[in-house]
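Q: the following block contains a protein sequence and its predicted model.
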Amino acid sequence: MPPFSSSQSSGSKPNKRLKPTSLRTTNLNSVRNDAGPPSKKFKPMPSLSQPPKFIVPGNSNLLSSSQSNVKGKGKEKATSTSRAQGNENDQLWIDMYEPTAEEDLAVHKRKIENVRSWLNEALDGGPGGRLKAYRRILALTGAAGTGKTATIRVLARELNLEILEWKNTVDESFAGDDDHDDEQGQSSWRNQDYEGLMQKFQAFITRASTCRSLFSGPPPQSQSEAKPSTKTSSTSSPQLNTSSKRRIILLEDLPNILHSGTQQQFHAVLETVAHSRDLTPVVLIVSDSGVRGEASDDRMASGRGRVKETVDIRTALPSSLLGSQWVTEIKFNPIASTLMTRALQSMLTSLSSSSLQHPSKETLDMVVESSNGDIRSAIMALQFACGARQPSFEPQGKKRKKGTTGNSRALLEAVTRREQSLALFHLMGKVLYNKRKGDPPGSSATKKDIQRDKELDAKIKDPPPLPSHLQLHDRRSSRVDIDAIYGDSPIDSSLYSLYIHQNYTQFCNEVDESEAISEWLSWVDYSGGEAWYQANPHRFHLLTMGTLHSLPSPVTRRSQKIFKPEFFDVLSKHRECEDAVEDVLEWTRDASQHTNLLGGFSRSEVATELGGVLKALDLTGRHTVPPSHRRFSLLPFVKQTNSTGIALNEDDAGATEAPDDVPTPPRRASSVDRSRESGGWLEEDDIEDF
Amino acid sequence: MSLWVDKYRPKTLDDLHYHEGLSTRLKSLADSPDFPHMLFYGPSGAGKKTRIGCTLRALFGQGVEKLKIDQRVFLTPSKRKLDLNVVSSNYHTEITPSEVGNYDRVVIQEILKEIAQTQQVDMNAKQRFKVVVLNDADSLSRDAQAALRRTMEKYMTNIRIILCANSTSKLIAPIKSRCLLVRVAAPTFQEMKTVLEHVAKKEKFDLPETASHSIIEDSNGNMRKALLVFEALKMQSTDLSGPLTIAKPDWETYCYKVADMILQEQTPQRVMDVRAKLYELLSHCIPPTVVLKTIADRIVQNVDEALKADIMHWAAIYEVRMRNGNKKIFHLEAWVVKVMSLYKHFFYDIDMTGFDDC
């Protein structure tokens, strides 16, 4: 990896050193030919009916440029047009048409304004110059492809800022994926002094504030070709203006903060940044990555130690900074379809010079619709659609149109299928409302809905009639397509079962229905073996079908709310209680001065039998019983419990969110506005003291 | 200060108050050159661990009482770390593999191999072997039991294993056949009375007859529980005279109330309420099996004769599922709902033919 890569502040991807690695290219070819990264093979475009493949012209330039993509997130698969011949067509549209001015941004005006005012305050101190001390860290959050990075880059260009970006790179000695590294090579790097990534990160932050850029002016081409040194942090210094003194640090490619040690160090660095007045302000970009609730919850259930497996703002920022005056969070919402359509259209206009055929309005709408507010994926899909339409393109006639739309829809769906396209909320609704063929439409259903239901019903086949002794299992056929929801489900079957468990009672009228569902839950949880690899692979289907079969049809609507499982709260309470038991166990051991051979209590004995004595000891007040014992020894029976848990929202990605992870209200974003206009911002008081 | 249970725990086989026949046998076993693997089983609070301790002392002498507690870290094949407390002396090691749940096999293999591969270095030791005591042997997973079975034969020269379990039914037959089975029955009324009086004498006060009776009655053959209750009572009222009310532990009363809730109303809403209570119990570290058993006992007391068998039948089924499944609450709740359904149908006298042939 190169030590320094230069990039325009507009962010166009550096076209840099390409190792003549035919080796690597072949690897890619053989391993992930159709998985996404461009392959070197050149194939004629397949017809529309075939499953889409990402085909690019045999230009290894593209390969390296997409690999060293600054924003290189895994899901950005490189696509290109088969027709592409010229140089510009080798590039991705998202790179070619990255917005350079505010008008081009598809982000809401207010958000841009918020970010701009923060930047101004951070660098100039805002009105009176006093806010500067508090504009230390800006956290931009939001789903992927909502224009966070683009906004910063555009504004940096506008305000004439220098962006210093941290990038994690792999050490030279590790990076060599040529297989020439034999034992000797391995031992040689072990002997070298190895500077940890975090040390480099720390150094980067401090140096960023004190050191000037070496490369003033457009960096010479040779620089990017320069011999890679062992230094791994790379700084992208836009060559906008050499005299530019104002700079910000952009942290997008975070160190691996899921590793607790790294996280601590990272937090420590951020704390320093927050509390110092000399260091360069930091802009932190954290994409909300939805979690797939994978085996982690099982692990949590069976073992100790809760593993947090997502990067979000709560892991990126230490709790002391989160919500403090030094940190401003601006949340980017998914891009509204009107804004996105406009942006895409303007992009297409600028594209008109090229030989590409313009996509139809329908295609554009479809792209926008399927992108879920992710502009990056929308542009990708659009580029793909434009490319893919070429071979079988037909003149637009009324007859043809329908077929083309259908085809391209299928194609686009295949391209743009997002993992979380089915929100958890809708998944639960789909299953628990148990809609069946011929259900009367709901009171709020529009004509369109009714029409759609009718069409759907027409497609569903009726099940064959059951023999008389099975009559009690007779149900109308379900409108739920289990395979489809299984494919789209954002959560795995274990977490899914917890959600069903938490919510099914509200949808039952009779205890018998509950009985059937709980029996299914129990059976599904029990089926399979002790180890994970023996687990029943059909749990999701079994549970869904069991639930659908058992629920009444139609489900009585009584404005049910869907809640998140309490399971995890209980689990964490349980863990605290285990600690308390451990304390008491320790105490009994100490009390008997360890003389007790094998007399020790077991945990369950402590929890179930020791309560009385402990309470009595507490009353006498003379003893040193650990007070934490009350966690398990006291258990008053409260008649009314109002532990309803947290309701699930429609826009919830629906991961295993702990209670402290309750989504931050979007209110935070507007706080910047308020502080400027009314001065009602809390920290104003503190500022007067300076 | 130490609890009476610990303070007056017999240290040698001669000090034991009951099961004299067993004590003499253990003594002669410890003196004989061929000490076998052993499996102590019997109800909770009968004195299994006390007897194991006394046996160890008879085997190795005083040195076995010098204990140290280590926290050992084990690595599973999937690179997860497991913490386990290991109590050990120069002559023996005591572990509770159930503390690490499903990973007990790793622990069993690692620990046993490690101990078995080092010979006794103390030349003055009375025995050439070390002893490994496995508590809670009946909650060992199948894998762990299978691992144990091989180790028991292979390292017979260096180690002896003493298992401690509540019942033998959850142990696989090969293990049972490799051990000398020792049943430690719960003490009788009279035996418990002797022990209580012994403790009272040591503490230098008189134990009234009525008090000891009510304590023993309450304890249900559990010596440890009796002593704990005894101590708690003594702390609250010094003379122990007059009618005594022995307070049940909170969780037990709680379970009873949950049982009542189940019988009062059988609706989906009530299922929700009961679930909240069950969660509360579980989060207080009450083992789910105990919860199920306590509630089932209570329910069975209050329902019609015809329902009792069914309720217990389902309790047994869901208890098995609970052991194999991951999420205990599913199975507890499934049983509760089952009981509700059974009760409701019985109550409304609906024809149930062909209903429960699952």
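A: Okay, I see it. Just so we're clear, the structure is a prediction, and the values are computed from it rather than from any experiment.
Q: strands of the stretch 251-400 of chain A, start to end?
A: With strands called from DSSP state E, counting those that start in this stretch, the stretch 251-400 of chain A shows them at A:282-287, A:327-332.
Q: quick one: average pLDDT of the first one?
A: For strand A:282-287, the mean per-residue pLDDT is 84.
Q: and the pLDDT for A:Ser39?
A: Reported pLDDT for A:Ser39: 41.
Q: show me how far the helix or strand hosting B:Leu82 is from its chain's centre.
A: Assigned by DSSP states H and E, B:Leu82 belongs to strand B:81-88. On the basis of CA atoms, centre = their mean, to the nearest Å, strand B:81-88 sits 19 Å off its chain's mean C-alpha point.
Q: mean confidence for stretch A:376-396?
A: pLDDT averaged over stretch A:376-396 gives 64.
Q: hmm, back to that, for chain B, find the nearest of the strands of the stretch 251-400 of chain A.
A: Evaluated over those, closeness to chain B peaks at strand A:282-287, with 27.5 Å, by CB to the nearest CB. C-betas here are computed from N, CA, C, even on glycine.
Q: list the strands paired with that closest one, with their directions.
A: Note on strand A:282-287: by DSSP bridges, its sheet partners are strand A:137-142 (parallel), strand A:247-251 (parallel).
Q: next secondary structure after the longest one?
A: When you say that, I think you mean strand A:137-142. Counting by DSSP H and E, the next helix or strand C-terminal to strand A:137-142 is helix A:148-159.
Q: give the contact list for residue 285.
A: As the question left the chain open, I've gone with chain A. Counting by CB atoms under 8 Å, 6 or more residues apart in numbering or on different chains, A:Ile285 touches A:Ala139, A:Leu140, A:Lys148, A:Thr149, A:Ile152, A:Leu250, A:Leu251, A:Glu252.
Q: that's the wrong chain, I meant chain B
A: B:Cys285 touches A:His574, A:Cys577, A:Glu578, A:Ala580, A:Val581, A:Arg603, A:Ser604, A:Ala607, A:Phe632, counting by CB under 8 Å, 6+ apart.
Q: so which of the residues you listed sit within helices?
A: Among the contacts of B:Cys285, the members found in helices (DSSP state H) are A:His574, A:Cys577, A:Glu578, A:Ala580, A:Val581, A:Arg603, A:Ser604, A:Ala607, A:Phe632.
Q: out of those residues, which touch chain B?
A: Among those, the ones lying close to chain B by the criterion of CB under 8 Å from any CB of the partner chain are A:His574, A:Cys577, A:Glu578, A:Ala580, A:Val581, A:Arg603, A:Ser604, A:Ala607, A:Phe632.
Q: the second one: neighbour count?
A: Neighbouring residues of A:Cys577 were enumerated by other CB atoms under 10 Å in any protein chain shown; the total is 20.
Q: also B:Ser2?
A: Count around B:Ser2 with other CB under 10 Å applied: 18.
Q: same deal with the one 3 residues further on?
A: Other residues within reach of B:Val5 by the criterion other CB under 10 Å amount to 26.
Q: where does it land in three-state SS?
A: helix (DSSP: H, G, I helix; E, B strand; the rest coil).
Q: show the pLDDT at residue 241.
A: As the question left the chain open, I've gone with chain A. 38.
Q: if you could check chain B rather than the one you did, that'd help
A: If you check B:Ser241, the pLDDT there is 71.
Q: quick one: it from B:Leu233, how far?
A: 11 Å (CB to CB, to the nearest Å).
Q: which residues does the closest residue in space to B:Gly63 that isn't next to it in sequence contact?
A: Sequence neighbours aside, B:Asn90 is the residue nearest to B:Gly63 in space, at 5.8 Å (criterion: CB to CB, 6 or more residues apart in numbering or on different chains). By CB under 8 Å, 6+ apart, B:Asn90 lies in contact with B:Gly63, B:Val64, B:Lys66, B:Asp122, B:Ala125.
Q: quick one: which of those is nearest to chain A?
A: Chain A lies nearest to B:Val64 out of the contacts of B:Asn90, by CB to the nearest CB, at 6.4 Å.
Q: and that closest one, how many neighbours?
A: B:Val64: 21 neighbours (other CB under 10 Å).
Q: which segments of the chain make up each domain?
A: As the question left the chain open, I've gone with chain A. Domain assignment for chain A by automatic domain parsing gives A:22-98+A:349-416, A:103-332, A:424-550, A:567-633.
Q: please go with chain B instead
A: Per automatic domain parsing, the structural domains of chain B span B:4-183, B:189-236, B:250-347.
Q: so which of the contacts of B:Asn90 is surrounded by the most neighbours?
A: B:Val64 (21 neighbours).
Q: from what I see, that residue and B:Tyr91 are in contact.
A: Yes. Between B:Val64 and B:Tyr91 there is a contact under CB atoms under 8 Å: 5.0 Å.
Q: what sits in contact with each of these two?
A: By CB under 8 Å, 6+ apart, B:Val64 and B:Tyr91 have these common neighbours: B:Leu56.
Q: which residue packs closest to B:Leu148, ignoring adjacent ones?
A: Closest to B:Leu148 by CB to CB, 6+ apart is B:Ile108, at 5.7 Å.
Q: wait, isn't the one you found in contact with B:Pro97?
A: Yes. Contact criterion CB under 8 Å: B:Ile108 and B:Pro97 qualify, at 5.7 Å.
Q: got any residues that touch both of those two?
A: B:Leu134, B:Leu140, B:Ala144.
Q: the second one: what's it in contact with?
A: Taking CB under 8 Å, 6+ apart as the definition of contact, the neighbours of B:Leu140 are B:Pro97, B:Ser98, B:Asp104, B:Ile108, B:Leu134, B:Leu148, B:Lys170, B:Leu171.
Q: try 6 Å
A: B:Asp104 (CB atoms under 6 Å, 6 or more residues apart in numbering or on different chains).
Q: quick check, pLDDT for the residue positioned nearest the centre of chain B.
A: Ranked by distance to the mean C-alpha position of chain B (CA atoms, centre = their mean), the top residue is B:Ser44 at 5.0 Å. Note for B:Ser44: predicted pLDDT of 88.
Q: what do you get for A:Thr338?
A: Per the predicted model, pLDDT is 85 at A:Thr338.
Q: how many neighbours does it have?
A: The local packing of A:Thr338 (other CB under 10 Å) involves 10 other residues.
Q: swap in A:Leu424?
A: 25.
Q: now the one 5 residues further on
A: Around A:Gly429 there are 16 other residues, counting by other CB under 10 Å.
Q: in what helix or strand does the residue in the stretch 51-200 of chain B that chain A sits nearest to lie?
A: Proximity of the stretch 51-200 of chain B to chain A (CB to the nearest CB) peaks at B:Gly53, 3.9 Å away. Using DSSP H and E, B:Gly53 sits in helix B:48-60.
Q: ditto for A:Val431
A: Counting by DSSP H and E, A:Val431 is part of helix A:424-433.
Q: toward the C-terminus, what is the element adjacent to that helix?
A: Helix A:424-433 is succeeded, C-terminally, by helix A:447-459 (DSSP H and E).
Q: now for the next helix or strand after that following helix, which elements pack on it?
A: Per DSSP H and E, the first helix or strand lying C-terminal to helix A:447-459 is helix A:482-488. Contacts defined by 3 or more CB pairs under 6 Å, 6 or more residues apart in numbering or on different chains; DSSP states H and E place helix A:482-488 against helix A:539-550.
Q: what angle separates the helix it packs on from helix A:424-433?
A: Relative orientation of helix A:539-550 and helix A:424-433, computed by axes from the mean of the first three to the mean of the last three CA atoms, to 10 degrees: 40 degrees.
Q: packing partners for helix A:539-550?
A: By 3+ CB pairs under 6 Å, 6+ apart, helix A:539-550 packs against helix A:482-488, helix A:493-503, helix A:511-526.
Q: so which of those helices is nearest B:Leu82?
A: helix A:493-503 (21.1 Å; CB to CB).
Q: what's the angle between the closest one and helix A:511-526?
A: With the same axes, to 10 degrees applied, the angle from helix A:493-503 to helix A:511-526 works out at 160 degrees.
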